[in-house]
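Asks: Give the three-dimensional model of this entry:
(chains A and B)
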Amino acid sequence: MGNRTPLYETHVASGAKVVDFGGWDMPLNYGSQIEEHHAVRRDAGMFDVSHMCPVDVKGGDARAFLRTLVANNVDRLTQPGKALYSCMLNPAGGVVDDLIIYFLGDDWFRVVVNASTADKDLAWMEKVRGERAFAVTIAPRRDLAMIAIQGPNARAKFWQVRPATKAATESLGAFFAAAVGDLFVARTGYTGEDGFEVMLPAGRAAVLWADLKTVGVAEAGLGARDTLRLEAGMNLYGNDMDETISPLDAGLAWTVDLKTPREFVGRAALEQQLADAGARKALVGLKLLDKGVLRSHQKVVTSQGEGEITSGTFAPTLGFSVAMARVPQGVKAGDTVQVDIRGKLLAAQVVKMPFVRNGTR
Amino acid sequence: MKFPAELKYTSTHEWVKKGADGLLWVGITDAAQDMLGDLVFVGDVKVGQTLKAAETAGVVESVKAASDIYAPVDGEVVAFNEALESEPQQINADPYSAWIFKMKSAASIDGLLDAKTYESNVADPH
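Replies: Below is the predicted model:
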């Protein structure tokens, strides 16, 4: 038996197919993964993401600690509630994890890390804290559950069941959050659609889930979450990058701040990598032109050399297969490449990501 | 989950029946489609190919995974259900109507699994 979220019994009662995901017993789907995908693109769906771990970083050195810990610049967080996506790197410039940081106050940031990496992340954060004796506490919040409500009608349906939150959350911009009583409501997500990610006390998660179901929010599992994030061109830790991969080779250069003189872990390695630009890789989108399905680890043959698919799937919104692939620099949108699918070379086109955003191609 | 008694089964989750046309009709079982989830591709079936039992006859792919399909007995592949190319989800909706390929074979299918045996294999895979 793996770890279970506060909503585990709810998933089982709803007929979910439960699978192991990074040590957690999680719903893969509740019937049809494709129907769940469409529900999110066209209306509203909800995901139990309580396996992800919120970590509260508190103390007088909170900002200084995060300046050192992550590759993006936390000094961009000036307005309370603002969120920032970043990678946390090791000294070699590999990605320890990707995460979202919420700015809640000058001595309080909330960092949300991936489920399967949470223990490793906490140990790493403690190590970085200790090396420079930062005055912060690092506290995992396993007392919280997290529900992602996503889709064009997601916010309206959330307000329908929690009307008291509307005044405080209606004007939230993308990548902003607000605390409303014991609910923490963030306008973030991992689907390419509008919506909220809501953190709340674990004991109240099942009631919110049931209320949302009553107003027609579709239960959606990790299967749909993966096809939605891939269509939206969003990286998955462990597939598209890991401890051996630099953010510069994972399409994440936009999350790395080298403009300010901030000394963060991994910076020296990244600067060295930039000096050797020819060795850098690009993470590109692929659209399969032939019939079949692109999958991770399939070989990609380009005019610039070989690459590899890092994430691939059938894209329900598009009706064909798409993928992310790590390829040599110089491969451009519009190029035709070949993918080795079970020994046959099939044609694919390099395309700009995202494949789908806010319901449209 | 359904296990029609009139069909024969393989340990690799194909169902087989002798059709009125004298050919062996082969598809994947209800248990197989349930394990795979929504199917999005059926193909690589080569009409005219002669296969030994347990050789790869084609592939089915769901959103989640690719899975080979195998010849249940020795024989020649003589038809592929091309309707499944555009509507692979027919297999999810009705796995025992959605045959994937047909074989011409002199081999007997009596030695394949019966519904009861297959069902107990699915319930206890080891």
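Asks: The residue in the stretch 51-200 of chain A that chain B sits nearest to: what's its closest spatial neighbour, skipping adjacent residues?
Replies: Ranking the residues of the stretch 51-200 of chain A by distance to chain B (Cβ to the nearest Cβ) places A:Thr191 first, at 15.3 Å. Yep, even glycine has a C-beta here, placed from its N, CA and C like the rest. With Cβ to Cβ, 6 or more residues apart in numbering or on different chains as the measure, A:Leu228 is the residue that lies nearest to A:Thr191, at 4.0 Å, once sequence neighbours are left out.
Asks: Check the secondary structure at that neighbour for me.
Replies: Recorded secondary structure, A:Leu228: helix (DSSP: H, G, I helix; E, B strand; the rest coil).
Asks: what sits against it?
Replies: When contacts are counted by Cβ atoms under 8 Å, 6 or more residues apart in numbering or on different chains, A:Leu228 is found next to A:His37, A:Val40, A:Arg41, A:Gln150, A:Tyr190, A:Thr191, A:Gly192, A:Glu193.
Asks: can you list the residues of the stretch 1-150 of chain A near chain B?
Replies: With Cβ under 8 Å from any Cβ of the partner chain as the criterion, the stretch 1-150 of chain A comes near chain B at residues A:Lys17, A:Leu28, A:Asn29, A:Ser32, A:Gln33, A:Ile34.
Asks: Phi and psi next, for the spatially most central residue of chain B.
Replies: Here the mean C-alpha position of chain B is nearest to the C-alpha of B:Gly27 (Cα atoms, centre = their mean), at a distance of 2.6 Å. Dihedral pair for B:Gly27: phi -140, psi -170, per degrees, to the nearest 10.
Asks: A:Ala205 too?
Replies: Comment: the main-chain dihedrals of A:Ala205 come out as phi -70, psi -40, following degrees, to the nearest 10.
Asks: How many residues are close by it?
Replies: A count of neighbours around A:Ala205, defined by other Cβ atoms under 10 Å in any protein chain shown, yields 22.
Asks: Could you do the one 4 residues further on as well?
Replies: By the measure other Cβ under 10 Å, the count of residues near A:Trp209 is 22.
Asks: List the residues that contact A:Asp240.
Replies: Remark: with contacts taken as Cβ under 8 Å, 6+ apart, A:Asp240 is in contact with A:Ala250, A:Gly251, A:Leu283, A:Thr310, A:Ser311, A:Met324, A:Arg326.
Asks: Pretty sure B:Thr56 sits against B:Asp68.
Replies: Yes: with contacts defined as Cβ atoms under 8 Å, B:Thr56 counts as touching B:Asp68 at a distance of 4.7 Å.
Asks: Assign a three-state SS to the residue of chain A found nearest chain B, would you?
Replies: Proximity to chain B, evaluated over chain A using Cβ to the nearest Cβ, is greatest for A:Phe314 at 3.9 Å. In three-state terms, and counting by three-state DSSP, A:Phe314 is strand.
Asks: Okay, and the beta partners of it?
Replies: Judged by DSSP bridges, the bridge partners of A:Phe314 are A:Ser321.
Asks: Can you tell me how far the closest residue to A:Leu288 other than its chain neighbours is from A:Asn235?
Replies: In this structure, A:Leu288 finds its nearest non-sequential neighbour in A:Ser321, 4.1 Å apart by Cβ to Cβ, 6+ apart. Summarising the geometry, the distance separating A:Ser321 from A:Asn235, computed by Cβ to Cβ, to the nearest Å, is 18 Å.
Asks: show me where the stretch 1-150 of chain A has helices.
Replies: Secondary structure of the stretch 1-150 of chain A (DSSP state H, counting those that start in this stretch): helices at A:8-13, A:33-42, A:62-69, A:118-131.
Asks: With chain B instead?
Replies: Counting by DSSP state H, the segments of chain B that form helices are B:30-36, B:83-86, B:90-93, B:115-123.
Asks: Give me the pLDDT for the residue in chain B positioned nearest to chain A.
Replies: Chain A sits closest to B:Val40 of chain B, with a gap of 3.9 Å, by Cβ to the nearest Cβ. Turning to B:Val40, the model gives it a pLDDT of 95.
Asks: residues touching the closest residue to it other than its chain neighbours, list them.
Replies: Sequence neighbours aside, A:Phe314 is the residue nearest to B:Val40 in space, at 3.9 Å (criterion: Cβ to Cβ, 6+ apart). The neighbourhood of A:Phe314, defined by Cβ under 8 Å, 6+ apart, consists of A:Thr227, A:Val293, A:Phe320, A:Ser321, B:Val40, B:Phe41, B:Glu61, B:Val63.
Asks: which intervals of the chain have sub-threshold pLDDT?
Replies: With no chain named, the answer covers chain A. Applying pLDDT under 70 to chain A flags the ranges A:359.
Asks: that's the wrong chain, I wanted chain B
Replies: Residue ranges of chain B with pLDDT under 70: B:125-126.
Asks: Quick check: residues of it near chain A?
Replies: B:37-38, B:40-41, B:43-44, B:59, B:61, B:63-64, B:66, B:85, B:89, B:92.
Asks: sorry, back to before: may I see the residues of the stretch 1-150 of chain A next to chain B arranged in JSON lines, with neighbour count as well?
Replies: Output for the residues of the stretch 1-150 of chain A next to chain B, formatted as JSON lines (neighbours: other Cβ atoms under 10 Å in any protein chain shown):
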{"residue": "A:Lys17", "neighbour count": "18"}
{"residue": "A:Leu28", "neighbour count": "20"}
{"residue": "A:Asn29", "neighbour count": "26"}
{"residue": "A:Ser32", "neighbour count": "18"}
{"residue": "A:Gln33", "neighbour count": "25"}
{"residue": "A:Ile34", "neighbour count": "23"}
